[in-house]
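1. The amino acid sequence is not available; the structure is as follows:
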């Protein structure tokens, strides 16, 4: 943001002359200082008006050239200049780097902005928020009401709550965290397969390839997909994901109403011919619910654990400190193309429960471990990072 400079009418200079000119340039820089200078009125370089006692810079005037002197533009070059130097009057040279550094403008940190600028920023944010809230809620409510009726004094939140209560009979039930925990414990005890997978924006965007979004949209909206294990376009990964969801024991689905979560869920599954009514569903944040409810430590206690994912070495260290039994570790997992190797290595490990933190491939790995090895596998997700960093505890 540009800065202007002002001088208060109350500032007195030579011969009681008052400088009234306002500077409109984005910034103010002083001229090169020659060997002799003359006194001049004072100009401020701050963003606000300058009062008496403010820090000010003197403007330095050049001394007129002596009669008979050669103008600088016509002054002959007596010898070749060395690279990286600039010639001064009198034959002295100065490195260009010093001059460039002197001219470099300082960046003003947000906390150092004038109060009026910060207020403008806050006001603009509030205005944008209120407009978005109106367009995304209140305006829709206006359109839904008949013109001949005046809505009583109710808030948008009340209207949404009343409307949501009417939709309860159409909602699909989700397994609670205690039910998921109980199913996993029972499967481990009975030595039967059970996989808990979770769908987020990465999985849903992968499933949306060529059936909801074209390749350009996927690349634009899913810039994080390569980090999550899928480099689009990858229709083979989409098909593997479809088969993994159909074969999973419990599928965690997103309840967030953000763009690529629940609003994309139904369209994506329908386009890939996956019937939600045929799946056993839970929340996609069931892994965090296990930790928050205290059930995770009970689930891990006394089990032989297989840890899979790029954070496996650090997670193994933390789990071992808490007395967990580690039977094996598979790391790294280099995307969907690495799934076959990971599952093959898991065949050689004796374990009760696999914790898989491998992005989108975790869904495929968990389902295959359960169905091919007859074990229990949990899509552990980013909770592994949170435990390693100490943000969550067992």
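-> Done, it's in. Since the structure is predicted, the reported quantities are computational estimates derived from the model, not experimental observations.

2. Skip the chain neighbours and tell me the closest residue to residue 254.
-> Nearest non-adjacent residue to residue 254, counting by CB to CB, 6 or more residues apart in numbering: residue 261, 3.9 Å away. In short, each C-beta sits where N, CA and C put it, glycine included.

3. my guess is that neighbour contacts residue 198, does it?
-> No - applying CB atoms under 8 Å, one finds residue 261 not in contact with residue 198, separated by 11.6 Å.

4. So which of those two has more stuff around it?
-> A direct count of neighbours by other CB atoms under 10 Å for residue 261 and residue 198 places residue 198 higher, at 24 against 17.

5. Tell me the bridge partners for that one.
-> Beta-bridge pairing for residue 198 (DSSP bridges): residue 252.

6. Verify the stated contact: it with residue 367.
-> No - here residue 198 does not reach residue 367: they are 11.8 Å apart, not a contact under CB under 8 Å.

7. Quick check, pLDDT for the closest residue to residue 156 other than its chain neighbours.
-> Distances taken as CB to CB, 6+ apart put residue 137 closest to residue 156, at 5.0 Å, once the chain neighbours are dropped. Among the per-residue scores, residue 137 holds a pLDDT of 90.

8. And the one 3 residues further on, by the same measure?
-> At residue 140, the model reports a pLDDT of 91.

9. Number of residues surrounding it?
-> Count around residue 140 with other CB under 10 Å applied: 12.

10. For it, list the residues it contacts.
-> With CB atoms under 8 Å, 6 or more residues apart in numbering as the criterion, no residue contacts residue 140.

11. tell me the SS of it?
-> Residue 140 carries the three-state label helix when classified by DSSP: H, G, I helix; E, B strand; the rest coil.

12. roughly how far apart are it and residue 134?
-> 9 Å (CB to CB, to the nearest Å).

13. Confirm that the residue nearest to residue 156 sits in a strand.
-> No - applying three-state DSSP, one finds residue 137 to be helix, outside a strand.

14. Pull the contacting residues for residue 371.
-> Shown in contact with residue 371 (CB under 8 Å, 6+ apart): 193, 195, 247.

15. Quickly name whichever of these is closest to residue 176.
-> residue 195 (18.2 Å; CB to CB).

16. least trustworthy helix or strand in this structure by mean pLDDT?
-> Lowest by mean pLDDT, DSSP states H and E among the helices and strands of the chain is strand 42-43, with a mean of 38.

17. and the nearest residue in space to residue 311 that is not next to it in sequence, how many neighbours does it have?
-> Of all residues not flanking residue 311 in the chain, residue 384 sits nearest, at 4.6 Å (CB to CB, 6+ apart). Each residue near residue 384 was counted by other CB under 10 Å, and the total is 25.

18. give me the element residue 384 is part of.
-> Under the criterion of DSSP states H and E, residue 384 resides in helix 383-388.

19. Would you mind confirming that residue 326 is in contact with residue 303?
-> No - using CB under 8 Å as the test, residue 326 is too far from residue 303 to be in contact (10.1 Å).

20. thinking again about what came up before, which one of the contacts of residue 371 is nearest residue 321?
-> Each of the contacts of residue 371 was scored against residue 321 by CB to CB, and residue 195 proved nearest at 27.6 Å.

21. Excluding chain neighbours, what is closest to residue 273?
-> Among residues not flanking residue 273 along the chain, residue 242 sits closest, at 8.0 Å (CB to CB, 6+ apart).

22. Who are the packing partners of the helix or strand containing that neighbour?
-> Using DSSP H and E, the element containing residue 242 is helix 235-247. If contacts are counted by 3 or more CB pairs under 8 Å, 6 or more residues apart in numbering; DSSP states H and E, helix 235-247 sits against strand 194-198, helix 201-207, helix 361-373.
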